[in-house]
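1. I would like to see how this sequence folds:
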Amino acid sequence: MNRSSKGKVVATARSFCRYEGLHKRLITDAGYELLLHARPTPMGPDELSELAADADALILGLDICDASVFARAPRLKVVARQGVGVDAVDLAAAARHGVVVTNTPGANTIGVAELVFGLILSLSRRLTEANAEVKSGGWPHLMGWELHGRTLGLIGLGQIGRAVASRAIAFGMNVQAYDPFISEHAAIRLVTLDALLETSNIISLHAPLTAANHHLLDSSAFDKMLPGTVVINTARGGLIDESALARALEDGRLAGAACDAFENEPPAGAPFLSLPNFIATPHLGAATLESALRMAEAASRNALKVLAGEEGANVVALRTGGS
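-> Next comes the predicted model:
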């Protein structure tokens with residue numbers, strides 16, 4: 001560590017490391033040494049432990065930060081998650097070691113909401129199939145369907161869910177939502193999970209991953225859906241039983257599905273990857289320059305506030321609402 005610095009901030013979030021901007025200057029102007037260690041895929045705890053050993057703060061993407069990381073990082077005061085979900089961070093272990101965990105809600109809302117609609121439109125108009133056919137010399141007549149008048153069911157009605165809802169309303173869609181932590185909403189009809197599954201043409205997931213909702217969409221859930229339903233997951237892979245999803249796509253219970261998040265990333269060898277009615281994207285919901293810079297700046301400000309003992313950082317409790 002540089003002797004003249006207050007301490008060391010280690011960043012592994014890919015977009016934080018890749019782009020220049022205010023987020024980096026905030027750290028260095030505050031007198032901290034900033035070390036950048038992005039990897040092509042999220043780090044496991046062993047690699048992260050080595051980087052965290054003498055760090056005062058970590059700025060993380062989707063890296064796995066479990067109890068072993070905290071045990072080997074005696075100087076660590078804050079883990080600033082760049083993004084909303086904190087399921088990759090052991091919050092209980094952080095608390096035991098006196099480490100504050102923060103996140104950046106709202107910073108990636110627009111990017112994820114726009115991706116959701118890109119995926120919905122790609123499935124409804126069969127754009128990936130059409131693209132592949134034309135590039136291979138074909139000129140197919142692929143019949144799609146319109147969004148106007150269809151019912152969108154949102155599982156989770158946090159900031160991203162609400163942003164998706166506003167865009168759906170602009171398309172003339174009917175919107176309903178299930179969120180056990182919201183009792184009423186002025187513009188969106190709240191329903192039970194079963195009612196949502198049974199009456200939605202498109203189902204989009206916007207909930208955090210918890211032990212209670214792991215594999216929320218399983219074979220039983222797919223059986224309840226309307227014929228021809230489309231499922232979108234830009235939240236967390238563990239919300240869907242991927243084997244059940246593959247079967248539902250193969251036997252025609254679902255018209256299509258698109259996932260930006262998977263239980264294992266990358267999802268090499270997953271059975272649905274070869275299906276024409278499935279779209280896979282590499283966890284790029286927040287991968288817009290605007291979202292990346294908003295998240296990076298928010299993560300830097302959170303880390304610095306905690307290090308300075310100031311109020312105002314977005315400290316994560318055991319959050320149970322939608323995202």
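2. who touches the helix with the most length in the chain?
-> Secondary structure of the chain per DSSP state H: the longest helix is helix 289-307. Helix 289-307 has contacts (Cβ atoms under 8 Å, 6 or more residues apart in numbering) with 6-7, 9, 13, 15-16, 18-19, 21-24, 26-27, 30, 32, 56-57, 59, 77-78, 80-83, 100, 102-104, 107-108, 110-112, 286, 311-315. C-beta: built from backbone N, CA, C; applies to glycine.
3. Could you tell me which of the residues you listed count as buried?
-> Buried subset of the contacts of helix 289-307 (neighbour count, 16 or more other Cβ atoms under 10 Å): 7, 9, 13, 15-16, 23-24, 26-27, 30, 32, 56-57, 59, 77-78, 80-83, 100, 102-104, 107-108, 110-112, 286, 313-314.
4. and the residues you listed, which of them are in strands?
-> Applying DSSP state E to these, the entries found in strands are 9, 57, 59, 78, 80-81, 100, 102.
5. I'd like to know which of these is nearest to Ser243.
-> Proximity of these to Ser243 (Cβ to Cβ) peaks at Arg81, which lies at 29.2 Å.
6. What residues are bridge-paired with the closest one?
-> Taking DSSP bridges as the rule, Arg81 bridges to Leu60.
7. Quick check, pLDDT for it.
-> Looking at Arg81, its pLDDT is 97.
8. Touching, it and Leu91? I think so.
-> No: contact criterion Cβ atoms under 8 Å: Arg81 and Leu91 do not qualify, at 10.6 Å.
9. Give me the common contacts of those two.
-> With Cβ under 8 Å, 6+ apart, Arg81 and Leu91 have common neighbours 101, 316.
10. How about the residue nearest the centre of the chain, nearest residue that isn't a chain neighbour?
-> By Cα atoms, centre = their mean, the chain has its centre lying nearest to Ala235, at 4.1 Å. Among residues not flanking Ala235 along the chain, Leu205 sits closest, at 4.5 Å (Cβ to Cβ, 6 or more residues apart in numbering).
11. who's in contact with that neighbour?
-> When contacts are counted by Cβ under 8 Å, 6+ apart, Leu205 touches 155-156, 216-217, 231-236, 239-240.
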